[in-house]
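# Return a 3D structure for these sequence lines:
(chains A and B)
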Amino acid sequence: MYVAVKGGEAAISNAHRLLADRRRGDRSLPSITIDQVAEQLGLAVDRVMAEASLYDRSLAALAVRQSRGDLIEAIFLLRAYRTTLPRFGNSVPLDTAAMQVERRVSATYKDLPGGQLLGPTFDYTHRLLDPSLLTDEEVDEPARKPASGEEVMRVSDILAHEGLIEADGDLPQDHEAGDLTREPMEFPMGRDLRLQALARGDEGFLLALGYSTQRGYGRNHPFVGEVRIGEVEVEMEVPELGFAVSLGRIRVTECQMVNQFKGSSKAPPQFTRGYGLVFGQSERKAMSMSLVDRALRADELGEDITAPAQDEEFVISHSDNVQATGFVEHLKLPHYVDFQAELAMVRKMRADIEAARAADRGENEMKDAAE
Amino acid sequence: MDVAEQTLLTGQAGRRRCVSLLAGAMADELFAAWDALKDKPEAKPVRGPETGLVMVRGRIGGGGSPFNLGEATVTRATVALASGTIGHAQALGTDKQKARLAAIFDALWQEDATRDHVENAVLAPVEYRLASEKKMKAEETAATRVDFFTMVRGED
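Residues are numbered from 1 along each chain as shown, chains lettered A, B, ... in the order given. Here you go, the predicted model:
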């Protein structure tokens, strides 16, 4: 028998009203604007766009404000929004070599074409809390120097000249890029689908897995060939026009991880690569992604699969924080009937065991008496 | 390549530049140019403005096979002028007013009588702003370039 239970409506409505109040906080303080969130909490906005897999700064800022700064909730909101929209088409693949670079560093070459460009980085700060940010002090304009105009050459292209590094990943000519949002996941999956999953994967999860490979669980001897952050043009073919046009620019972070590889039955000794590409400015995520991408190529490169980071099904099935939070958090929803059923079952098991014990005791007493 | 083909190509390159700059324009810039227009044309909506998604693709390793990186919001519009000229616009974001105006300017650019206004009041200022922003960013980044130097030891 199924019994519908009602009665939460007033409580839910008042809870949401209370949520709105707490979100607004102390009314004597000015309320925060979407532009302020987008401008001054820009990296939170970037993370929401990356893991929601939807690039839109204003909507991501709105989601951050609506979720009171709970970024996984914000990611959830933006993912839900995207399901309401039709898809107009695919972009022309981004050309990250043509990026307007805002930051580019390499750990493998000191002097390289384009140079080491630090950009707006937390690196080399002392990580001391800055009391000047307690108040609204004037901030200096950035320093400027004439740009050299020198091409910021890809590190992978420099190494490629010697033939000691594998090429960019090429799938068969007729391979159409898979899309996780359109087809159910199947394992093993192609590297294209893995990269899509990793690009939207949880930063903390990928960070932990990348770290685990450094600590020896599937070690792959990585060097940051380069990390670059900057804006790239998004172009799309417009059928009505018959050619590709620019839709505007987006900021992305790209990481080329270069890994020492002693060779296997499938590949000669060379440098192999892991790749990371993420919406917005997120070096930690792009680096973690490239470590995990490389670890997940174990099978392709003929390496032993011994560690969690090399287990494709494990990694990809658990990298999405919207799925993860949905399943973990559903546990708090009413399970009254399930629990009653289990309670009745445990009571019965307990009663059966106690009855059996009592019967045993009875038999033993009879035996003792007989002896 | 014959002359006709060549004209077609310059035409295409010109239109491509126009449509791309209109996508890079800010709504305010388009509104200002629209306000400055003496004879405002009537433009019938053919499609939209409507917001949807574009799947942004990357390449494995930066230059390899394409993969799906994630989506971006895009808003597009198609309008028809009384003369029958069709204008298209599409730009990242969700601004429908901007898409509608950009489509009208695309149509006006195709007409000889109004092309100059679109060039002077919209495309040139937008192109100039984008170039200035690009130059400024490049200079700010250049100031953070590391100049390595080696300490010379006086041993002789």
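
# Enumerate every residue touching B:R129.
Contacts for B:R129 were tallied using CB atoms under 8 Å, 6 or more residues apart in numbering or on different chains; they are B:E29. In short, each C-beta sits where N, CA and C put it, glycine included.

# From chain A, how far off is it?
13 Å (CB to the nearest CB, to the nearest Å).

# which SS class is that residue?
Put simply, B:R129 is helix when judged by DSSP: H, G, I helix; E, B strand; the rest coil.

# which element is B:G70 on?
Assigned by DSSP states H and E, B:G70 falls within strand B:66-81.

# next SSE after that strand?
strand B:86-92.

# I'd like to check what contacts the very next helix or strand once past that next one. Which residues are they?
For strand B:86-92, the succeeding helix or strand toward the C-terminus, using DSSP H and E, is helix B:96-110. Taking contacts as CB under 8 Å, 6+ apart, the residues outside helix B:96-110 that touch it are B:15, B:18-19, B:22-23, B:25-27, B:30-31, B:33-34, B:41, B:43, B:45, B:48-51, B:75-81, B:85-91, B:114-115, B:117-119, B:122-123.

# quick check: angle from helix B:96-110 to strand B:66-81?
Inter-element angle recorded for helix B:96-110 and strand B:66-81: 70 degrees (by axes from the mean of the first three to the mean of the last three CA atoms, to 10 degrees).

# Only C-alpha atoms, please: export helix B:96-110 in CSV.
What follows is helix B:96-110, C-alpha atoms only, in CSV (Å, rounded to 0.1, in the frame of the first residue of the first chain):
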residue,chain,number,x,y,z
LYS,B,96,18.9,40.1,-26.9
GLN,B,97,18.7,43.9,-27.6
LYS,B,98,22.3,43.8,-28.6
ALA,B,99,21.7,40.9,-31.0
ARG,B,100,18.7,42.7,-32.6
LEU,B,101,20.7,45.9,-33.2
ALA,B,102,23.7,44.1,-34.4
ALA,B,103,21.6,42.2,-37.0
ILE,B,104,20.1,45.6,-38.2
PHE,B,105,23.6,47.1,-38.5
ASP,B,106,24.7,44.0,-40.5
ALA,B,107,21.8,44.6,-42.9
LEU,B,108,22.6,48.3,-43.1
TRP,B,109,26.3,47.5,-43.8
GLN,B,110,25.2,45.5,-46.9
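
# What are the buried residues along it?
By neighbour count on 16 or more other CB atoms under 10 Å in any protein chain shown, the buried set for helix B:96-110 is B:96, B:98-110.

# Tell me the secondary structure of A:I72, please.
On the three-state scheme (three-state DSSP), A:I72 is labelled helix.

# I'd say it and A:Q323 touch.
No: between A:I72 and A:Q323 there is no contact under CB atoms under 8 Å: 11.1 Å.

# Comparing the two, which shows the higher neighbour count?
Between A:I72 and A:Q323, A:I72 has the larger neighbour count (other CB atoms under 10 Å in any protein chain shown), namely 18 against 13.

# Show the contacting residues for that one.
So A:I72 contacts A:51, A:321-322, A:325 (CB under 8 Å, 6+ apart).

# Distance of it relative to chain B?
A:I72 is 17 Å from chain B, by CB to the nearest CB.

# Surely A:G276 is in a strand?
Yes: using three-state DSSP, the assignment for A:G276 is a strand.

# wait, isn't it in contact with A:E283?
No: the pair A:G276 / A:E283 is not scored as a contact, 9.1 Å apart, by CB under 8 Å.

# Could you check which of these two is surrounded by more residues?
For A:G276 versus A:E283, neighbours defined as other CB under 10 Å are more numerous around A:G276 (27 against 22).

# What distance do you get for that one to chain B?
Taken as CB to the nearest CB, the span from A:G276 to chain B is 10 Å.

# Run through the bridge partners of that residue.
Counting by DSSP bridges, A:G276 forms beta bridges with A:C255.

# list the contacts for it?
Applying CB under 8 Å, 6+ apart, the residues contacting A:G276 are A:198, A:253-255, A:257, A:285-290, A:293.

# go on, A:E312?
A:187-189, A:194, A:296, A:299.

# now the helices for the stretch 151-300 of chain A?
Ranges of helices within the stretch 151-300 of chain A are A:155-160, A:191-199, A:203-214, A:283-295, based on DSSP state H, counting those that start in this stretch.

# so of those helices, which one's packed in deepest?
Highest mean neighbour count of the helices of the stretch 151-300 of chain A: helix A:283-295, a mean of 27 (counted as mean count of other CB atoms under 10 Å in any protein chain shown).
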